[in-house]
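*Asks:* What would the 3D arrangement of this be:
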Amino acid sequence: MDISKIKICVLFGGQSNEHDISRKSASYIISVLQQSAVKDLHLIGITRNGEFMYYEGPIDLILDGTWLKHESIKEVLFKPGYQGQGFYIHDQSGSENQSDSKNSTELTWINVDVFFPVLHGKMGEDGTVQGLFELLNTPFIGCGVLASSIAMDKVASRNMFDTVGIPQANWTWLKRRNFYENPDVAVRSIKEVLVYPIFVKPANAGSSVGITKANSDQELLESLAIAFEHDDKAVLEQAIVGREIEVAVLELPDYDHNLFISVPGEIIPDREFYDFESKYISDGSKLIIPAELELQQIEEIHQYAELAFRTVDGKGLCRADFFLEKSTGRILINEINTIPGFTDISMYPKLMAESGYPSQKLIETLVASAF
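*Replies:* I've put the predicted structure just below:
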């Protein structure tokens, strides 16, 4: 496949609290596509309010967040069910007032062969945007509606991992309404399953957002309140003392949809646990690639990564995160991330580069896999 002839549209930004990270990841991917001499490269930025805007300015404005002020900005209009692949853009600059702009029928059609969503967190990685692509009858890179929504929802994914026998830390979950109806009863029910320390996570908040560690009843109450600021479900997990191991998964563009799984990498966080700031902002965490593991451990991690990806009906790519428990040597899955970060400190592209897929080859393979 000659990627230079493919009409690609990259989406960036989004409504989640990972908006800024999405812009960083998209800047990386756009630069790689430009190096691949893609002739028809289109960009759609999604504002924090959910507005889809066509953008034709420089990449550095995406990176610093000022892209929305660029003169090239145009409104994007979709036509679900339309047999043509793509979208309309509406230039509002020629209208004297906003009312005239909305009533104008002067539209330009942009033809697209494939969408590349570089959107992290809610309203981007959770199946919502993927559903839009399905309605538009246009191929897209990455997991579909079902896999995206399951992987985002830590309750749904953990239930499925339990069903197919992928080991994970002891866990339970709680709904917001049950917590606020009777917090004391909620805490007692959690302590029947778990012992301190306990990690508390929003079920659908994206990458390491709203995660806290509780060591007492009071801290547990405070942690649950934080989790419920982000979602109406909270996942509670037994804290694991161990090493944090990750692998990158790539679906190959062959007839059998074979998977390529990278060498494992190890994360040594610059704080107590690998939170949002440690993952995306701070450069203090150490990434050891490849991780020092026994062959049997690597094979087990690869086996569970493929099983997790297949179980949620994954497509395109994911990053699979594991713990290697120090006291038992058990491999425990933490989560899979269907649109992993592509920043300069992100594990996914680093793991793939170490495994024989440098950035250009990786992005070209992802585009091919969408078809």
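*Asks:* State the number of residues packed around the closest residue to Val195 other than its chain neighbours.
*Replies:* Of all residues not flanking Val195 in the chain, Gln238 sits nearest, at 7.2 Å (C-beta to C-beta, 6 or more residues apart in numbering). All C-beta spots, glycine's among them, are computed from the backbone N, C-alpha and C. The tally of other residues near Gln238 (other C-beta atoms under 10 Å) stands at 17.
*Asks:* do Gly356 as well
*Replies:* Neighbours of Gly356 (other C-beta under 10 Å): 11.
*Asks:* do Phe52 as well
*Replies:* 18.
*Asks:* In what element of secondary structure is the nearest residue in space to it that is not next to it in sequence found?
*Replies:* Once flanking residues are discounted, Phe52 sits nearest to Val76: 3.9 Å by C-beta to C-beta, 6+ apart. Of the helices and strands defined by DSSP states H and E, Val76 is found in strand 74-77.
*Asks:* Just list what that strand packs against, helices and strands only.
*Replies:* Packing contacts for strand 74-77, counted by 3 or more C-beta pairs under 8 Å, 6 or more residues apart in numbering; DSSP states H and E, involve strand 52-55, strand 86-90.
*Asks:* any residues touching it, and which ones?
*Replies:* Ile44, Glu51, Phe52, Met53, Tyr54, Phe87, Tyr88, Ile89, His90, Asp91, Gln92, Leu107 (C-beta atoms under 8 Å, 6 or more residues apart in numbering).
*Asks:* roughly how far apart are the closest residue to Ala203 other than its chain neighbours and Phe161?
*Replies:* Excluding the flanking residues, the one nearest Ala203 by C-beta to C-beta, 6+ apart is Lys233, at 3.7 Å. Plainly put, Lys233 is 16 Å away from Phe161 if you go by C-beta to C-beta, to the nearest Å.
*Asks:* ok, the residue lying closest to Asp126 once chain neighbours are set aside to Gln130 distance?
*Replies:* Nearest residue to Asp126, sequence neighbours excluded (C-beta to C-beta, 6+ apart): Met152, at 4.1 Å. Taking C-beta to C-beta as the measure, Met152 falls 11 Å from Gln130.
*Asks:* sorry, back to before: list the residues that contact the residue nearest to Ala203.
*Replies:* Asp153, Val155, Trp173, Leu174, Lys175, Arg176, Pro202, Ala203, Asn204.
*Asks:* my read: the first one touches Lys201, true?
*Replies:* I take that to be Asp153. No - Asp153 is not in contact with Lys201 according to C-beta atoms under 8 Å; the separation is 11.3 Å.
*Asks:* out of these two, which sits in the more crowded spot?
*Replies:* Ranked by neighbour count (other C-beta under 10 Å), Asp153 and Lys201 place Lys201 first, with 25 against 19.
*Asks:* contacting residues for Lys7?
*Replies:* Asp40, His42, Gly86, Asn111, Val112, Asp113, Val114.
*Asks:* same thing with Ser355?
*Replies:* Ala248, Phe260, Ser262, Val263.
*Asks:* Tell me the backbone dihedrals of the first one, please.
*Replies:* Translated: Ala248. Main-chain dihedrals, Ala248, degrees, to the nearest 10: phi -100, psi 140.
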